[in-house]
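Asks: sequence-free structure coming up:
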């Protein structure tokens, strides 16, 4: 049976590159967002601040086992998309575009450049479609506490 919700969505990341105010960095990067979804006025305003860089041929790839993370992203105040890049001199090489915070956080721990931006409505609708089709929330499990004083008695005998 064919899945009704598509697991991938082609996007273009739009970055703002401008001279850094920090004395140890030459340039600073800001992810404006993903196309489709950015309006022309936002792009024009950003172009007056610095250079716009378009990273094409990216896609958000969704996996059923990560639906919990997608659900929490959608339920947050502002759902976000993440762009993971590696620094190559004064430029960035895109590695991955994702809507999974857990995945983005794991790249943050490896000192990769992780940029985020709010998701456009069209991307939120697509993500919601996928989550509704595949997310099965697990029932909360009650943890049974260990009685520490009984555990100590067992060890001393």
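Replies: It's in. What you see is a predicted model; the values in this text were computed from it and never measured.
Asks: tell me which element the residue lying closest to residue 46 once chain neighbours are set aside falls in.
Replies: Here the nearest residue to residue 46 in space, its sequence neighbours aside, is residue 16; by C-beta to C-beta, 6 or more residues apart in numbering that works out to 4.9 Å. Glycine gets a C-beta too; all of them are placed from N, C-alpha and C. Element membership for residue 16 (DSSP states H and E) is strand 8-19.
Asks: got the buried residues for stretch 67-77?
Replies: 67, 69-71, 73-74 (16 or more other C-beta atoms under 10 Å).
Asks: just the pLDDT for the residue nearest to residue 46.
Replies: Looking at residue 16, its pLDDT is 94.
Asks: let me see the residues that make contact with the strand holding residue 16.
Replies: 26-36, 38, 43, 46, 49-62, 81, 83, 92, 94, 97, 115, 123, 126 (C-beta atoms under 8 Å, 6 or more residues apart in numbering).
Asks: filter those down to the buried ones.
Replies: Members of those classed as buried by 16+ other C-beta under 10 Å are 29, 31-35, 38, 43, 46, 50, 55, 58, 60, 62, 81, 83, 92, 94, 97, 115, 123, 126.
Asks: just to revisit the earlier point, now, the buried residues of stretch 67-77 that are in helices?
Replies: 67, 69-71, 73-74 (DSSP state H).
Asks: would you turn those into JSON lines with distance to residue 103?
Replies: As requested, these are exported to JSON lines (distance: C-beta to C-beta, whole Å):
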{"residue": "67", "distance to residue 103": "13"}
{"residue": "69", "distance to residue 103": "7"}
{"residue": "70", "distance to residue 103": "11"}
{"residue": "71", "distance to residue 103": "14"}
{"residue": "73", "distance to residue 103": "11"}
{"residue": "74", "distance to residue 103": "15"}
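Asks: any chance of the residues you listed in a markdown table, plus pLDDT?
Replies: Listed next are those as a markdown table, based on pLDDT from 0 to 100:
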| residue | pLDDT |
| --- | --- |
| 67 | 94 |
| 69 | 94 |
| 70 | 96 |
| 71 | 95 |
| 73 | 95 |
| 74 | 95 |
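Asks: what angle separates the one helix or strand residue 54 maps to from strand 8-19?
Replies: Element membership for residue 54 (DSSP H and E) is strand 51-61. Computed with axes from the mean of the first three to the mean of the last three C-alpha atoms, to 10 degrees, the direction of strand 51-61 lies at 160 degrees from that of strand 8-19.
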